[in-house]
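J.: next input, structure requested:
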Amino acid sequence: MKNKWIRYEYRRSRTRRRVHGAQGERPRLCVHRSLTAIYAQVIDDAKGATVAAASSFSPEIAQKGKTAKNVESAKKVGELVAKKALAVGVRKVVFDRGAYLYHGRIKALAEAARTGGLEF
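T.: A predicted model of the protein is given here:
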């Protein structure tokens with residue numbers, strides 16, 4: 001039997017293979033959640049470049065003494081990444097949540113990005 005880490009990596013890579021941005025028109029909004037923070041970036045797969053990025057450690061969001069691992073900070077990250085993506089001209093994205101369930105911080109980030117103007 002494979003150990004827990006190998007099974008986790010396999011599940012994550014299998015999920016990543018399923019989601020691809022439409023070539024040229026829809027980049028993907030990739031989300032990473034750690035124990036201490038949440039990160040979001042809009043990636044153009046055709047160019048292989050990051051178009052916009054935000055995290056709970058971004059200077060616009062980070063507050064001294066406040067925690068960066070709650071739902072409120074995830075909402076702020078969603079709003080910020082939507083604002084940065086719209087400034088670059090990206091309006092439609094594909095949501096790539098990776099192996100994370102659509103629940104809690106991931107859901108809050110997605111809903112905030114939608115209210116910020118992104119379509120997915």
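J.: can you give me every residue that contacts the nearest residue to Glu119 once chain neighbours are set aside?
T.: Of all residues not flanking Glu119 in the chain, Lys92 sits nearest, at 4.8 Å (C-beta to C-beta, 6 or more residues apart in numbering). C-beta: built from backbone N, CA, C; applies to glycine. By C-beta atoms under 8 Å, 6 or more residues apart in numbering, Lys92 lies in contact with 25-26, 118-120.
J.: mind redoing it with 7 Å?
T.: Taking C-beta atoms under 7 Å, 6 or more residues apart in numbering, we find Lys92 in contact with 25-26, 119-120.
J.: ok, now Thr36?
T.: Going by C-beta under 7 Å, 6+ apart, Thr36 touches 68-69.
J.: go on, Pro27?
T.: When contacts are counted by C-beta under 7 Å, 6+ apart, Pro27 touches 21, 42-45, 51, 90, 93.
J.: out of the contacts of Lys92, which are buried?
T.: Arg26 (16 or more other C-beta atoms under 10 Å).
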